[in-house]
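>>> Fold the following and give me the result.
(one chain, ligands or ions: 3)
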Amino acid sequence: MPLTVKRPGRWTLRALLPWAVGAVPVLCGLVIMHLQAERALDARSQATAQQVVAQVELILDNISGAARSLLPLAGLPCMEEKLALRDQVTRRSFVRSTNLVYRNELYCSSLFGPYSEQVNASDYVDGKLWLMNGNSVTPGHPLLVYRVYEGERGAISTVDGDHLLTALRLIGPHTQLLLQVGRYWMGKDGLVHEGLAPAAAVAPVRLDSSHYPFSIHSGYEHGKIGQVMRDEYPALFGLLVFLGVIAGAVCRWMLRRASSPRVELQRAMEADEFLPYFQPVVRKGDYRWAGAEVLMRWQHPREGLVRPDLFIPYAEHSGQIVPMTRLLMQRTAQLLAPHAALMDDGFHIGINITADHCQDLALYHDCRNFLAAFPPGRVLLTLELTERKLIAPSEATQTLFAKLHELGVMIAIDDFGTGQSSLSYLRQFKVDYLKIDQSFVALIGVDALSLHILDSIIELSAKLELGIVAEGVETDTQRDYLARHNVDFQQGYLFARPMPIEDFVRALAAQAEVAPQRAEVAG
Ligand code: G
Ligand code: G
Ligand code: MN
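Ligands and ions are numbered 1, 2, ... in the order given. Next comes the predicted model:
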């Protein structure tokens, strides 16, 4: 409706709200997806760490088996035992070298045979395991060393860092994996670093081996959660966007509905914003106020006073015109009844009705209630039905109009001359008055030729014994012309504009003080 203004502040809020509502499912879904991805990564990180621990334990079982089986030979001459050392290297898949130790001296090696190197037990975690960054044979190449000892005897076996690297790289190709042995750790780059292995940014897991003194650190780099969400939940994400669009659209629709003419009119009815304005109708002769037409006005909270042509079409279209007219009649009765003493008997009150009113008997009850508010005979209620939208005669309308006549209610055809009601139509509905449309009145003194139409209407009404009211009288010329042609009633700005109840009652009171000139009325 043109009445619903779009104020800048409200407009932005209204425009933003559907977006905000649409964003809610997307954001909630993203949070849930994020949590879900986080949980999945935690589980994956944990499982990967377990597999790597198992694989490294398998390797260590392999090389520790070699060391343990050689331990009884420690202390015996190297020349005799070096073949046994080499035998272990050959038989056990992960063993790179084996060595015998006696009194902390490595004296026999599978690679060199007799040899001499000091063994420092404190290099080994729990005396057992040492992650070395290379040795004299392959400097800078990682090596994991396993040591067993019993009193003065000891045996040492080694595994190449490449086996460990393969485990890290193959088991968790997309996982950040580190092997920590005591003070040293090794990552997928195959380099041995000293210190504590850095914890992963996402899903950090540290798993200690229960058999050997090492641990595996597993996890993912920054941004992994986002990557999982993008790669693994595209369908879910699509669904979220779809839901967001639906929610936003529903919100927009509801906002629009809330500001639809129907809702706005309903609100106005509940807030009692429709007011009657009164435009006097004067009788011929002394031009005293013989009645008034009730014209609806909308006292809109923001727009001020709204003319009916702006909202009556909407009310007719939505079917709300019936309850609106009912409220208007109630309000009119309420406002006028206390001043009934100011009116002459038979004071005309004109109410505009539409075709919608003629479908059932509700209008009859509304009229009865209206009349009951006044002393009997004081008010002559006239229903004005516009000729532009005439009703089709049916049984229901016939009954209604018959009952209205019983009640003493008059029927007037409003805006007469603008439609095409036939004579039979006027008779069928037992019309009492014709209200000549103001466009014909406007011709008086302007277009002598077209004036014939006006004359014909006046003549016709006389022949049909219908009362006649001229609307839109603005000049003395018009008034006098109509008076000369015996038009019963006149209405227009020349006499008074539509006015609120206070002004109407005040003017009515002023008129009541002057006694009517009965002689002139009779004609
Ligand atoms: O007052 P004016 O601007 O007042 O009225 C404009 C139009 O609105 C006129 O055609 C008049 O008949 C119509 N109108 C005024 N009040 C009512 C009403 O209560 N009901 C209906 N149906 N039409 C009305
Ligand atoms: O359709 P209906 O006759 O109910 O409409 C009455 C309409 O005519 C109202 O809008 C009212 O304000 C308007 N009106 C009443 N008197 C005059 C007048 O003298 N001149 C003009 N232009 N309009 C008038
Ligand atoms: Mn009217």
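>>> Need the residues that contact stretch 160-172.
Stretch 160-172 is contacted from outside by 48, 51-52, 55-56, 59, 94, 96, 141-144, 177-179, 186-188, 190, 192, 218, using CB atoms under 8 Å, 6 or more residues apart in numbering. No exception for glycine: its C-beta is placed from N, CA and C like everyone else's.
>>> need the contact list for the residue of the stretch 401-523 of the chain found nearest ligand 1.
Scanning the stretch 401-523 of the chain for the residue nearest ligand 1 gives P498, at 5.4 Å (criterion: CB to the nearest ligand atom). P498 makes contact with 277-279, 293, 295, 297, according to CB under 8 Å, 6+ apart.
>>> make it 6 Å
277, 279, 295 (CB atoms under 6 Å, 6 or more residues apart in numbering).
>>> For Q334, grab the count of nearby residues.
Q334 has 12 neighbours, counted by other CB atoms under 10 Å.
>>> Correction: the previous question concerned S110.
Using other CB under 10 Å, S110 is surrounded by 26 other residues.
>>> Equivalent analysis for A341, please.
A341 is flanked by 10 other residues according to other CB under 10 Å.
>>> Give me the pLDDT value at it.
We have a pLDDT of 94 for A341.
>>> Return the distance of it relative to A496.
Computed as CB to CB, to the nearest Å, the A341 to A496 distance reads 21 Å.
>>> Not counting sequence-adjacent ones, nearest residue to the residue of the stretch 101-250 of the chain found nearest ligand 1?
Going by CB to the nearest ligand atom, ligand 1 is nearest to V250 of the stretch 101-250 of the chain, at 34.8 Å. Leaving aside its chain neighbours, V250 sits nearest to V21 (7.9 Å; criterion: CB to CB, 6 or more residues apart in numbering).
>>> you'd agree the one you found is in a helix?
Yes: under DSSP: H, G, I helix; E, B strand; the rest coil, V21 sits within a helix.
>>> if I pick it, what's in contact with it?
247-248, 251.
>>> State the distance from the residue sitting nearest the centre point of the chain to D208.
For the chain, the residue nearest the mean C-alpha position is C251 (2.5 Å; CA atoms, centre = their mean). C251 sits 54 Å away from D208, taking CB to CB as the criterion.
>>> returning to that earlier point: going through the contacts of stretch 160-172, which ones are buried?
Among the contacts of stretch 160-172, those buried by neighbour count (16 or more other CB atoms under 10 Å) are 48, 51-52, 55-56, 59, 94, 96, 141-144, 177-179, 186-187, 192, 218.
>>> Contacts (any at all) between ligand 2 and the one helix or strand D415 maps to?
For D415, the host element (DSSP states H and E) is strand 410-416. Yes: residues of strand 410-416 contacting ligand 2 under CB under 6 Å from any ligand atom: 414-415.
>>> model confidence over the helix or strand following that strand, on average?
Note on strand 410-416: by DSSP H and E, the next helix or strand toward the C-terminus is helix 423-428. Average pLDDT, helix 423-428: 79.
>>> Please work out which residues outside helix 423-428 touch it.
With contacts defined as CB under 6 Å, 6+ apart, helix 423-428 is touched by P393.
>>> next one: the next helix or strand after it to chain centre, how far?
As assigned by DSSP H and E, the chain's next helix or strand after helix 423-428 is strand 433-436. How far strand 433-436 lies from its chain's middle: 51 Å, per CA atoms, centre = their mean, to the nearest Å.
>>> Now do the buried residues in the next helix or strand after strand 433-436.
Using DSSP H and E, the helix or strand that follows strand 433-436 in sequence is helix 438-441. By neighbour count on 16+ other CB under 10 Å, the buried set for helix 438-441 is 438, 440-441.
>>> Format these as CSV; extra columns: distance to ligand 3 and pLDDT.
Converted to CSV, the buried residues of helix 438-441 look like this (distance: CB to the ion, whole Å; pLDDT from 0 to 100):
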residue, distance to ligand 3, pLDDT
Q438, 10, 93
F440, 15, 92
V441, 14, 93
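>>> What is the nearest of these to ligand 2?
Nearest to ligand 2 among these: Q438, at 5.6 Å, using CB to the nearest ligand atom.
>>> and that closest one, how far is that from G492?
Remark: distance between Q438 and G492 (CB to CB) = 7 Å.
>>> what do these two both touch?
Both Q438 and G492 are contacted by G472, under the criterion CB under 6 Å, 6+ apart.
>>> So which residues make contact with the strand or helix carrying L178?
Using DSSP H and E, L178 falls within strand 176-181. Applying CB under 6 Å, 6+ apart, the contact partners of strand 176-181 are 52, 125, 129, 131, 164, 168, 185-187, 197, 200, 214-215, 217-221.
>>> Enumerate every residue touching E117.
Applying CB under 6 Å, 6+ apart to E117 gives the contacts L106.
>>> after the helix or strand harbouring it, next one along is what?
Using DSSP H and E, E117 sits within strand 113-118. As assigned by DSSP H and E, the chain's next helix or strand after strand 113-118 is strand 129-134.
>>> Show the model's pLDDT score for the nearest residue to G113 once chain neighbours are set aside.
Spatial nearest neighbour of G113, excluding adjacent residues (CB to CB, 6+ apart): K82 at 4.7 Å. On pLDDT, K82 comes in at 88.
>>> hang on, the earlier thing: neighbouring strands of the strand holding D415 in the sheet, and parallel or not?
According to DSSP bridges, strand 410-416 forms sheet pairs with strand 379-386 (parallel), strand 433-436 (parallel).
>>> Quick one: name the residues of this protein near ligand 3.
352, 384, 414 (CB under 5 Å from the ion).
>>> ok, Q55 - contacts?
Going by CB under 6 Å, 6+ apart, Q55 touches A167.
>>> Quick check: mean pLDDT of the helix or strand hosting it?
Element membership for Q55, per DSSP H and E: helix 8-70. Confidence over helix 8-70 (mean pLDDT, whole number) is 91.
>>> partners of the strand holding E117, with directions?
Strand 113-118 has these strand partners (DSSP bridges): strand 105-109 (antiparallel).
>>> end-to-end on stretch 180-198?
Taking CA to CA, to the nearest Å, stretch 180-198 runs 10 Å from one end to the other.
>>> Could I get the buried residue list for that stretch?
180-182, 184-187, 192-193, 197.
>>> among those, which two are most distant?
G182 and G187 (15.8 Å; CB to CB).
>>> mind listing the helices for the stretch 301-450 of the chain?
All helices of the stretch 301-450 of the chain, identified by DSSP state H, counting those that start in this stretch, fall at 308-318, 321-336, 362-372, 395-406, 423-428, 438-441.
>>> T386 and ligand 1: what is the separation?
As for T386, its distance to ligand 1 is 6 Å (criterion: CB to the nearest ligand atom, to the nearest Å).
>>> what angle separates the strand holding D415 from helix 395-406?
Using axes from the mean of the first three to the mean of the last three CA atoms, to 10 degrees, the direction of strand 410-416 lies 110 degrees away from that of helix 395-406.
>>> Give me the contact list for strand 410-416.
382-384, 386-388, 429, 431-437.
>>> give me the low-pLDDT residue ranges for this protein?
1-11, 515-523 (pLDDT under 70).
>>> Residue numbers of it in contact with ligand 2?
Contact residues (CB under 6 Å from any ligand atom) of the chain with ligand 2: 279, 295, 352, 384, 414-415, 435, 438, 471-474, 491-493, 498.
>>> Which of these are buried, as a PyMOL select command?
Remark: buried members of the residues of the chain next to ligand 2, expressed as a PyMOL selection using 16+ other CB under 10 Å:
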select buried, resi 279+295+352+384+414+415+435+438+471+472+473+491+492+498
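>>> which parts of stretch 21-34 are buried?
Neighbour counts over stretch 21-34 (16+ other CB under 10 Å) mark 21-22, 25-26, 29-30, 33 as buried.
>>> what's the answer for stretch 371-388, then?
For stretch 371-388, the neighbour count (16+ other CB under 10 Å) marks 371, 373-374, 378-387 as buried.
>>> Nearest to ligand 3 among those residues?
Nearest to ligand 3 among the buried residues of stretch 371-388, counting by CB to the ion, is E384 at 4.2 Å.
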